[in-house]
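> no sequence for this one, just the structure:
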């Protein structure tokens with residue numbers, strides 16, 4: 001094989017991979033077709049959560065700290081490895097108001113985002129619906145405080161003592177306690193504060209933005225049948 005043929009073959013190999021992994025998905029995502037609605041669902045359509053303000057700032061903090069290296073935001077379709085069996089990843093199986101809200105991810109879930117954090121690997125759990133999980137399961141009373149405590153020390157809780165999530169303690173400032181702990185002060189589920197008797201740890205603007213972004217991750221809204229690729233719920237029971 002000549003050097004010329006080797007270079008051409010190498011270029012074609014990398015070119016085809018780049019075309020299929022980067023260019024084609026980009027074109028498809030950039031020009032999403034209108035959603036087809038059935039006669040029975042004339043008023044239904046995908047719901048797009050807020051993508052501006054502190055939520056958008058939080059997405060930048062999420063990216064800057066490399067959270068996408070360990071967490072995905074893709075509930076895979078059945079043919080690629082069914083994720084709906086994983087507890088609460090694709091939504092809630094028993095939402096008190098809407099029933100079974102589990103569904104797979106579709107391209108419209110990322111509409112309006114400047115960068116889709118689909119993730120690199122799953123060292124940690126998928127975060128497509130972390131906002132819904134925290135509010136419904138972990139801490140219905142104060143979901144933001146639960147996330148602050150998790151970011152401060154991911155291994156404090158007994159059921160997470162082997163977590164590989166790094167601590168983001170640098171996103172918190174130690175300050176003197178006033179008459180009582182501040183509303184946003186880090187406290188764990190047992191009521192303990194990591195500060196001393198006279199100090200408390202408060203989230204910085206980056207921590208607040210990141211938590212706002214995480215709480216906004218709720219990709220379980222109902223979608224039209226034309227883009228609902230989840231297996232039939234009846235078949236899952």
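Nice, I can see it. Remember, predicted model here, so these are calculated numbers, not experimental data.

> Break down this protein into its helices, ranges please.
3-18, 24-30, 54-64, 78-81, 130-133, 143-152, 205-215, 233-236 (DSSP state H).

> Mean pLDDT, distance to residue 177 and mean neighbour count for the ones you listed - can I get that in JSON lines?
Yep, even glycine has a C-beta here, placed from its N, CA and C like the rest. Converted to JSON lines, the helices of the chain look like this (pLDDT from 0 to 100; distance: least, CB to CB, whole Å; neighbours: other CB atoms under 10 Å):
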{"stretch": "helix 3-18", "mean pLDDT": "88", "distance to residue 177": "55", "mean neighbour count": "10"}
{"stretch": "helix 24-30", "mean pLDDT": "76", "distance to residue 177": "48", "mean neighbour count": "11"}
{"stretch": "helix 54-64", "mean pLDDT": "94", "distance to residue 177": "26", "mean neighbour count": "18"}
{"stretch": "helix 78-81", "mean pLDDT": "78", "distance to residue 177": "48", "mean neighbour count": "9"}
{"stretch": "helix 130-133", "mean pLDDT": "94", "distance to residue 177": "29", "mean neighbour count": "22"}
{"stretch": "helix 143-152", "mean pLDDT": "95", "distance to residue 177": "16", "mean neighbour count": "22"}
{"stretch": "helix 205-215", "mean pLDDT": "96", "distance to residue 177": "18", "mean neighbour count": "22"}
{"stretch": "helix 233-236", "mean pLDDT": "49", "distance to residue 177": "50", "mean neighbour count": "10"}
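
> Compare these and report which one is nearest to residue 199.
helix 143-152 (13.5 Å; CB to CB).

> so what secondary structure elements neighbour the closest one?
strand 172-176, helix 205-215 (3 or more CB pairs under 8 Å, 6 or more residues apart in numbering; DSSP states H and E).

> Which one, of those, ends up nearest to residue 105?
helix 205-215 (16.8 Å).

> Packing partners of that closest one?
Counting by 3+ CB pairs under 8 Å, 6+ apart, helix 205-215 packs on helix 54-64, helix 130-133, helix 143-152.

> Please work out which residues outside the shortest one touch it.
What it means is helix 130-133. 88, 91, 92, 143, 214, 215, 216, 217, 218, 220 (CB atoms under 8 Å, 6 or more residues apart in numbering).

> how's this protein carved up into domains?
If you go by automatic domain parsing, the domain ranges for the chain are 1-31, 54-236.

> so how far is the last one from its chain's centroid?
Here the centre of domain 54-236 is set off from its chain's centre by 6 Å, with CA atoms, centre = their mean, to the nearest Å.

> same deal with the shortest one?
Offset of domain 1-31 from its chain centre (CA atoms, centre = their mean): 30 Å.

> quick one, what contacts the residue lying closest to residue 58 once chain neighbours are set aside?
Spatial nearest neighbour of residue 58, chain neighbours left out: residue 213 (2.6 Å); criterion: CB to CB, 6 or more residues apart in numbering. Residue 213 sits next to 54, 55, 56, 57, 58, 59, 61, 62 when contact means CB under 8 Å, 6+ apart.

> Now with 7 Å, please.
55, 58, 59, 62 (CB atoms under 7 Å, 6 or more residues apart in numbering).
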